[in-house]
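> Provide a 3D model corresponding to the input given below.
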Amino acid sequence: MKTITKLFSGLLLMSSVFYFSQQKSNLLANTEWKGTANIPVPVEVNFKFGTDSVDLVYQGNVVEKMKYGFTSQGELTLLKLAGNSPCNSQDVGIYKYKIDKDVLTLTSINEKCEDRKTAFDGNNYGKILPTTMQ
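Coordinates of the predicted model:
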């Protein structure tokens with residue numbers, strides 16, 4: 001019984017370390033950002049990041065759902081899962097992202113979908129802070 005308890009404790013500890021290290025390295029996870037995207041004209045949108053997908057929200061509706069991840073150099077990758085854009089679901093976009101004083105800036109590094117590049121490249125998005133219930 002002691003061996004099982006030690007094994008379980010060890011697994012729990014390793015899982016916790018992995019979870020918290022992932023949370024620390026993914027600064028976009030479970031955040032929301034608001035700003036302008038050129039789709040094709042400038043409109044106000046929100047990016048709602050989950051742990052591995054991001055919703056592009058326009059006027060309260062999800063207009064694009066993308067999978068996101070990071071390259072080994074830490075660049076943001078975007079891949080269309082569903083939505084209204086003409087982007088191909090195999091076209092991965094690679095972006096440099098920078099967070100400075102609650103402002104997210106996206107800069108295209110290698111983008112196969114011109115429409116996504118036009119929409120996001122060089123734009124700034126302000127962080128939306130979570131509201132608290134009182």
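
> so how far is E64 from A119?
Taking CB to CB, to the nearest Å as the measure, A119 falls 9 Å from E64. No exception for glycine: its C-beta is placed from N, CA and C like everyone else's.

> List the buried residues in the helix or strand hosting N110.
Assigned by DSSP states H and E, N110 belongs to strand 103-111. Under the neighbour-count criterion of 16 or more other CB atoms under 10 Å, strand 103-111 has L104, T105, L106, S108, E111 buried.

> Can you lay out those residues as JSON lines showing pLDDT?
Converted to JSON lines, the buried residues of strand 103-111 look like this (pLDDT from 0 to 100):
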{"residue": "L104", "pLDDT": "97"}
{"residue": "T105", "pLDDT": "98"}
{"residue": "L106", "pLDDT": "97"}
{"residue": "S108", "pLDDT": "97"}
{"residue": "E111", "pLDDT": "96"}
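
> which stretches of the protein form strands?
Listed in chain order, the strands of the chain (DSSP state E) span 32-38, 42-49, 53-58, 61-70, 76-83, 93-100, 103-111, 124-127.

> I'm done for today, thanks for sticking with me.
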